[in-house]
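**Student:** Sequence first, predicted coordinates after that:
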Amino acid sequence: MLFEKIQLESDEKIIKIIHKHWFVVFSNAVSIGIIALAPLVGWIIISSVMQQDGVTISIDLSLYSSYFFYFFTFWLLTNWMAFAHMWTTYHLDIWVVTNRRVIVIDQVSLFRRHIGSFRLEKLQDVNIEINGIIATFLSYGTVEAETASGSHAHEFRTESLPHPSDIKSAILKAADDLLAEHNATQARRNELQ
Amino acid sequence: MIDVDNFDQFIDLGLEGLFYITMLIFVGFSLSLIYHWFAYGINKTRILLMLAVYLGVSALLFIGMSLSLSSL
C-alpha cells in the first residue's frame, strides 16, 4: 500500500489524509451514466416513432434487437471501464498532512502520476479558493501551498478538495507546532551551553 | 454479387472477434487498475469493496454480451 512506499520518518505522524470532494465522483458518474444510456434512449425513441401510423420508412426493428443489445452491452462495459478509471484517479489523488511535511499525490491518469512533498519549514503560505455556487454550498475548492523555493510556488495545487479552510488550518497549525518544537529544542541547547 | 450467407457469417465472426478482443483489453486494463489500487491505495476495505463491485458488474455485462452474441 501507499505508506510502505512513502516511508514516513520515525517520529512522523499523519495528521490528515484528504481525498477530493465526493461531488467530483458524483458529477463525473452522472456524465458517464448519461453517455452510457444515450443509445438505449435513442433506440426507445426510434422504436416508438416506427410504431406510429404514417411513418414512410418501415423497418422491423425487432430483427436488429439482438445486434443492438450486443453493442449496447459492449457500450455499457466501455463506460463502466471509464468509470473505474475515473474512480481510480479520484481515489489515488490525495494530500497527506503529517507533523513534518505535506505530501501531494496527483494521479493524472493511469500511467501519469505526480508525487510532490515539501517540509513544513519551507511553507510560506497556504491559499484557498472557493469558486461557484455548488462549491460554496458543498464546501469544496482549490488549495495551493506556496513554498520557500520561489520558482515552484504553484507546484502544490489541487482543485476540488473538501473543506479547504480546514485543510489550511491543519497545515498552518502543523507548521506552527513544528516551529514551536524547533524553538524549544534550540532553547534547551542554549541552556546546556 | 455478394453471397448473403457468407456475408452474415463474416459479420458473426467479426462480432465474435470483437467479444474476444474486448475481453483481452478488459483483462489488461483491469490488471493495471487493480495493481494501482493495491500499490498506491490507502484504504484496503474500500479497495476490496470496489474490486468486488467492479468485477461483479463487469461479469454481468460480459454475460449480457455473450448471451446477445449467442442469440444472433
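**Tutor:** Thanks, I have it.
**Student:** Just give the closest residue to residue A:170, not the sequence neighbours.
**Tutor:** Take residue A:170 and drop its neighbours on the chain: the residue closest to it by CB to CB, 6 or more residues apart in numbering or on different chains is residue A:16, 5.0 Å away. To be clear about C-beta, it is placed using only N, CA and C from the backbone, and glycine gets the same treatment.
**Student:** in what helix or strand does residue A:135 lie?
**Tutor:** According to DSSP states H and E, residue A:135 maps onto helix A:133-138.
**Student:** and that helix, how far out from the chain's middle?
**Tutor:** Distance of helix A:133-138 from its chain centroid, counting by CA atoms, centre = their mean, to the nearest Å, is 17 Å.
**Student:** Sheet-wise, list the partners of the helix or strand just after that helix with their directions.
**Tutor:** Following helix A:133-138 in sequence order, the next helix or strand is strand A:140-147 (DSSP H and E). Sheet pairing of strand A:140-147 (DSSP bridges) gives strand A:123-129 (antiparallel), strand A:156-162 (antiparallel).
**Student:** For strand A:140-147, which outside residues touch it?
**Tutor:** Contact with strand A:140-147 is made by A:20-21, A:23-24, A:95, A:102, A:104, A:118, A:122-131, A:135, A:153-164, A:167-168, A:171, as judged by CB atoms under 8 Å, 6 or more residues apart in numbering or on different chains.
**Student:** so how many other residues sit close to residue A:18?
**Tutor:** 20 (other CB atoms under 10 Å in any protein chain shown).
**Student:** Name the nearest residue to it, ignoring sequence neighbours.
**Tutor:** Residue A:18's closest residue in space is residue A:95 (CB to CB, 6+ apart), at 4.3 Å.
**Student:** Would you quantify the distance from that neighbour to residue A:173?
**Tutor:** Relative to residue A:173, residue A:95 is positioned 15 Å away (CB to CB, to the nearest Å).
**Student:** does the residue nearest the centre of chain B count as helix, strand or coil?
**Tutor:** Geometric centre of chain B, nearest residue: residue B:23, 4.0 Å, by CA atoms, centre = their mean. In three-state terms, and counting by DSSP: H, G, I helix; E, B strand; the rest coil, residue B:23 is helix.
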